[in-house]
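1. quick one: sequence plus predicted model below, questions after.
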Amino acid sequence: MTDLIVAILRSATPLVYVTMAGVIAQRAGIWHLGLEGVMIIGAAATVIGIVLTGSLGLALLAAVIFSVLASVLLWFAIEKLKANPIIAGLGLTGLGIGGTSLASQSIFGSQASVTAPFGLPRLGEAFGPFASLSILVAAMPFVVFGMWVLLRRTRFGLQLAASGEHPFAARSAGVDPSRMRLFALAFGGVLAAAGGAELATGSLQIFAQNMTAGRGFMAFAAVVFGASHPIGAALAAIFFSLVGALGIRAQLVFGDAVPHDLLLALPYLATIFGVWLSGRLRGGAAAAPASFGELRDY
Amino acid sequence: MNSNLVVVLRAAVFIALALALCGIIFEFAGYSAIAMFEAIVEGAFLRSGGLTQSLRWAVPLFITAVGVGLSFRSGFFNIGAQGQFYVGAIAATCAATWLNGAPAIVLVPLSFLAGMVGGALWALWPGLLRLRSGTDETITTLMGNFLATLLLIYVTTGPLKDPSGSGQQSSSRPLAAAYRISNSLGLSPTIIAIAIIVGVLMWLLVNRSAFGVVASLAGRNPVMVRWQGAKVWWLGLTSFLVAGGLAGLAGTIEVFGPNGRLVGGFLPAHGFTAILIALVANLSVGGTAIGALFFGGLASAALYLPVMAGLPSAAIDIINAAIALFITARSAHLDRLIGRVTGGAGRSAKPQ
């Protein structure tokens, strides 16, 4: 049981951080399908930064800088150039996956995965069976709670939600929706960088091409499943990880009776089920977001 | 006429912006941007056989992209072309395996039918979820892509595995030569004929049929069309099925044409590129053909770059992605500028 909890925490933590990035963007009115790209940029910058500088602090700083830059690029495309957020987000994802593999190839001269000598600090012996988890795992509940306070209990959170729901009203109240969206995406960049860093250096300290493998999209689905409430979305992300961990467990128990690849499909099936359910619970077709989440500025 | 010119100029401006961004990334990663672009143009068009290769990649992209364009026109954000492409290819391979030994005149048409039905079925469930329960089709089709990828890996390493196969790529048993519709170069009169037939039929469907006109209206204003008494439900389902069927057809062509077998993990970014082509073309069928040639050229260059010492094929992914980032952009300032240059066409046709 304990090792199942450890496994769930390990796989859920990167997802939860990235989900928080999606939540804050969603509340500002942006469908953030670039999460995957920002996450893999964070993962690559952390590992490559550790290898090149030998310093975890510098590596994390690089991860945050590059992730925020990528997020600002997305903001520029959809807010200044009025690009479609979904297509632009998918573009950012492609840019992240292609750019990180180009970077690792140009720095290390091969497409093989890169291993860092050390990673994020671990919790240590005092935590018993949880000793091998990174400090970001322990920080995760506090970050989620902090997000809830920020989004639901502060003036800033209300202004952000207004910018997403009723930009016109927000503007009449003296809030610039465009600037709020910039802040939401940039802050989301920091969170997604943390998720990428945890994924790459939380347990194995490795960066491989395309290592996020759809986690960014799963985080986006968690945002929708959790109705863009920080705690709901975090629980949805943990649920997806639980399903994944149970799939791996089932494979250990049943051996080859169930094909390996079909078990890997479980989180995706859970995502589809979750999105379907949240659509049903919120009143069917009427609750489907209008016009592809296009930004309204009037 | 003028509004078409505006669309073309706008696409050109934003593609130039995307290429500039790529140049910055290439330079940042330590490659010469100029040399990279030269190598890409050479790989796509200039080297001997480059044009044939570009056309070979353009055909499946075109067939998938016209389907994607139709579902976008109808207002459904079906981004699952990749999954529909894979499932179509799997269904066609299953049919071919089951019918193995039958004469080609029986086996090939039935397999193509199976491929199209497979692709259409993979588009059907997100369509039904959307139309019945309001489940957002962006996420379901996206997840469908991941599921189809896993299914492809499963069938090529499990039920359809070629037991004699060695090497890194798992695959199904090769098709008998009699069933192939092209050699491994991937271009044959049959394949070109299929592309032309699809293009003409889709052009007629979109521009010359009541269905196409009403579907485009429904994409812009579903409420109005519903009030006029059209069955939006039927329009949506049909556009999902046609889009899926065409993606499945493209997958089947890859199996019966250039590959000659079902290969695990083939053409991983195909569906994404098809979406780009549909958007670059502003969802028009003729524009899609031109866009497919452009992106087919990039795909051909992607295979050529690793041959040139030290140039990574990820460069092409980056170019595609950068174009995606900007391609739906519509800047009012830019439109006004273009309008002044082209004589007052102004901001007319807007994408989607």
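-> Okay, I see it. Numbering: from 1, shown residues only, chains lettered A, B, ... in the order given.
2. in terms of helices and strands, where is the closest residue to B:Val87 other than its chain neighbours?
-> Distances taken as C-beta to C-beta, 6 or more residues apart in numbering or on different chains put B:Trp122 closest to B:Val87, at 4.0 Å, once the chain neighbours are dropped. Backbone N, C-alpha and C define where each C-beta goes, glycine included. In this assignment (DSSP states H and E), B:Trp122 forms part of helix B:104-133.
3. buried ones in that helix, by neighbour count?
-> B:107-108, B:110-127, B:129-131, B:133 (16 or more other C-beta atoms under 10 Å in any protein chain shown).
4. touching, A:Gly238 and A:Ala12? I think so.
-> For the record, residue A:238 is Ile, not Gly. Yes. Assessed by C-beta atoms under 8 Å, A:Ile238 is found in contact with A:Ala12 at 4.7 Å.
5. show me what the helix holding B:Trp122 packs onto, helices and strands only.
-> helix A:266-281, helix B:81-98, helix B:137-157, helix B:232-254 (3 or more C-beta pairs under 8 Å, 6 or more residues apart in numbering or on different chains; DSSP states H and E).
6. ok, the spatially most central residue of chain B - contacts?
-> What sits nearest the mean C-alpha location of chain B, by C-alpha atoms, centre = their mean, is B:Ala274, with 2.6 Å. B:Ala274 makes contact with B:61, B:64-65, B:67-68, B:81, B:247, according to C-beta atoms under 8 Å, 6 or more residues apart in numbering or on different chains.
7. just the strands in the stretch 1-150 of chain A please.
-> In the stretch 1-150 of chain A, the segments counted as strands under DSSP state E, counting those that start in this stretch are A:114-115.
8. who in it is up against chain B?
-> A:31, A:33, A:73-74, A:77, A:80-84, A:86-88, A:90-95, A:97-99, A:101-103, A:105-107, A:111 (C-beta under 8 Å from any C-beta of the partner chain).
9. what's the ChimeraX line that selects buried ones from those residues?
-> To isolate in ChimeraX the members of the residues of the stretch 1-150 of chain A next to chain B that are buried, counting by 16+ other C-beta under 10 Å, one can use:
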select /A:31,33,73,74,77,81,82,83,84,86,87,88,90,91,92,93,94,95,97,98,99,101,102,103,105,106
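10. out of the residues of the stretch 1-150 of chain A next to chain B, name the ones that lie in helices.
-> A:73-74, A:86-88, A:90-95, A:97-99, A:101-103, A:105-107 (DSSP state H).
11. all the helices of the chain, in order from the start?
-> Just so you know, I chose chain A. Counting by DSSP H, the helices of chain A are A:2-27, A:35-53, A:56-75, A:85-108, A:135-152, A:155-165, A:167-172, A:177-201, A:215-225, A:230-254, A:260-264, A:266-281.
12. other chain: chain B
-> Ranges of helices in chain B, per DSSP H, are B:2-28, B:33-41, B:50-73, B:81-98, B:104-133, B:137-157, B:189-207, B:210-220, B:222-227, B:232-254, B:270-280, B:285-304, B:314-327, B:332-342.
13. dump those helices to JSON lines, plus mean pLDDT.
-> As requested, the helices of chain B are exported to JSON lines (pLDDT from 0 to 100):
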{"stretch": "helix B:2-28", "mean pLDDT": "82"}
{"stretch": "helix B:33-41", "mean pLDDT": "85"}
{"stretch": "helix B:50-73", "mean pLDDT": "91"}
{"stretch": "helix B:81-98", "mean pLDDT": "94"}
{"stretch": "helix B:104-133", "mean pLDDT": "92"}
{"stretch": "helix B:137-157", "mean pLDDT": "88"}
{"stretch": "helix B:189-207", "mean pLDDT": "92"}
{"stretch": "helix B:210-220", "mean pLDDT": "82"}
{"stretch": "helix B:222-227", "mean pLDDT": "78"}
{"stretch": "helix B:232-254", "mean pLDDT": "91"}
{"stretch": "helix B:270-280", "mean pLDDT": "89"}
{"stretch": "helix B:285-304", "mean pLDDT": "88"}
{"stretch": "helix B:314-327", "mean pLDDT": "86"}
{"stretch": "helix B:332-342", "mean pLDDT": "64"}
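14. to A:Ala126, which of those helices lies closest?
-> helix B:137-157 (39.1 Å; C-beta to C-beta).
15. quick one on the thing from earlier: surely the residue nearest to B:Val87 touches B:Met143?
-> No. B:Trp122 lies out of contact with B:Met143 (C-beta under 8 Å); the separation is 11.6 Å.
16. list residues touching both of those two?
-> Between them, B:Trp122 and B:Met143 share no contacting residue under C-beta under 8 Å, 6+ apart.
17. show me the contact partners of stretch B:297-304.
-> Contacts of stretch B:297-304 (C-beta under 8 Å, 6+ apart): B:39-45, B:47, B:50, B:53-54, B:56-58, B:61, B:273, B:313, B:315-317, B:319-320.
18. filter these to the buried ones?
-> Buried among the contacts of stretch B:297-304 by 16+ other C-beta under 10 Å: B:39-40, B:43-44, B:47, B:50, B:53-54, B:56-58, B:61, B:273, B:313, B:315-317, B:319-320.
19. from those, which are also near chain A?
-> Answer for the buried ones among the contacts of stretch B:297-304 near chain A (C-beta under 8 Å from any C-beta): B:315, B:317, B:320.
20. residue contacts, the last one?
-> I take that to be B:Asn320. Here B:Asn320 is in contact with A:94, A:98, B:269, B:272-273, B:276, B:295, B:298 (criterion: C-beta under 8 Å, 6+ apart).
21. make CSV out of the residues you listed and add distance to B:Met308.
-> CSV is the format used below for the contacts of B:Asn320 (distance: C-beta to C-beta, whole Å):
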residue, distance to B:Met308
A:Gly94, 22
A:Gly98, 18
B:Ala269, 20
B:Phe272, 24
B:Thr273, 21
B:Leu276, 24
B:Phe295, 20
B:Leu298, 15
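22. and which of these is nearest to B:Ala230?
-> The closest of the contacts of B:Asn320 to B:Ala230 turns out to be B:Leu276 (C-beta to C-beta; 29.9 Å).
23. close enough to count as contact, that closest one and B:Leu325?
-> No. With contact defined as C-beta under 8 Å, B:Leu276 does not count as touching B:Leu325 (10.4 Å).
24. neighbour count for the two, which is higher?
-> B:Leu325 (31 against 28; other C-beta atoms under 10 Å in any protein chain shown).
25. how much space between that one and B:Gly69?
-> Counting by C-beta to C-beta, to the nearest Å, the gap from B:Leu325 to B:Gly69 is 20 Å.
26. now swap in A:Ala236 and tell me
-> 33 Å.
27. ok, residue 74 - contacts?
-> Picking chain A for this. A:32, A:34, A:88-89, A:92, A:185, B:325.
28. wait, I meant chain B there
-> Contacts of B:Ser74 (C-beta under 8 Å, 6+ apart): B:215-216, B:218-219, B:235-236, B:239.
29. repeat for A:Ala162
-> A:Ala162 neighbours (C-beta under 8 Å, 6+ apart): A:169-170, A:173, A:175, A:177.
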